[in-house]
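Engineer: quick one: sequence and predicted model below, then my questions.
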Amino acid sequence: MTPEQIETLFTRQDGSYACARWGRPVAPIVFGVEDGTLKTVKGALEAVMTLAGHQMAETDPELGSNLMFFFFRDWDELLEVPDLDRLIPGLAPLVARLKAAGASQYRAFRFDGQGGIKAAFVFLRMQGAMAEMPAETLALTQAVQVALMWGDAAFAETSPLAVLPETGATILRPEIAGIIAAAYDRMMPVAADDKSHALRLFARLQAPAAGQPQS
């Protein structure tokens, strides 16, 4: 990928640049699915976090669970979840906007003092194309999209996944895997709002020799 393509992945609707990674171990919980799907979601998260070199945990000492997935059929169901309006301020008008837009998914992030992700909430309306997607594909896609704070339209036109023609297996696109790993490099900031960050990610995708220092 070119630096410009990487920059696009982290560009907001207002044209600003923003990238953030998790600043603490990820402790997920999943609502609205059967045990089999639960294992698939957690397995996808473990795969992506292992790629990133980031830890997962059973619980978060401050929040209990800091990554919450909600699977449901209709947006209005969220209004019936106890105390969800305390986690998501302005929940009722948000649901109204998502319904009006015909949205199938929504993610909300919370950040720590250094700008790193400290909590995330993922809402998935299981209707239409979303409901027909294989569980493994859906889980891996969502794991990728919550591993970093991406730009608003990062995967609007191109999926982060690819299908191997030889086997039909679904995998994470190598360039996206490379960006996630680069963003979690210990020499990289936990959060960045300057476009030069994209150049530093690009440099790490060039597969430098082992042990070669990076800026």
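Structural biologist: That came through, no problem. Numbering: from 1, shown residues only.

Engineer: residue 37 is in contact with residue 135, correct?
Structural biologist: Yes: with contact defined as Cβ atoms under 8 Å, residue 135 counts as touching residue 37 (5.3 Å). Just so you know, the C-beta spots here come from the backbone N, C-alpha and C atoms, and that holds for glycine as well.

Engineer: residue 171: how many residues sit nearby?
Structural biologist: Here the number of neighbours of residue 171 (other Cβ atoms under 10 Å) works out to 12.

Engineer: shouldn't residue 181 be in contact with residue 51?
Structural biologist: Yes: counting by Cβ under 8 Å, residue 181 does reach residue 51; the two are 5.9 Å apart.

Engineer: give me the residue at the spatial middle of the protein.
Structural biologist: The chain has residue 146 as the residue nearest its centroid, 1.4 Å off, counting by Cα atoms, centre = their mean.

Engineer: which elements pack onto whatever helix or strand that residue lives in?
Structural biologist: Element membership for residue 146, per DSSP states H and E: helix 135-147. Where contact means 3 or more Cβ pairs under 8 Å, 6 or more residues apart in numbering; DSSP states H and E, helix 135-147 is packed against helix 35-52, strand 105-111, strand 117-125, strand 161-163, strand 170-172, helix 174-183.

Engineer: looking at these, which is buried most?
Structural biologist: Stretch with highest mean neighbour count among the helices and strands packed on helix 135-147: strand 117-125 (a mean of 21; mean count of other Cβ atoms under 10 Å).

Engineer: residues making contact with that strand?
Structural biologist: 20-24, 62-63, 66-75, 78, 87-88, 98, 103-112, 130, 138, 142, 145-146, 149 (Cβ atoms under 8 Å, 6 or more residues apart in numbering).

Engineer: okay, now the unreliable bits of the protein?
Structural biologist: For the chain, residues meeting the criterion pLDDT under 70 lie at 207-215.

Engineer: just give the nearest non-adjacent residue to residue 188, would you?
Structural biologist: Sequence neighbours aside, residue 200 is the residue nearest to residue 188 in space, at 6.5 Å (criterion: Cβ to Cβ, 6 or more residues apart in numbering).

Engineer: burial measure for that neighbour, as a count.
Structural biologist: Residues near residue 200, counting by other Cβ under 10 Å, number 20.
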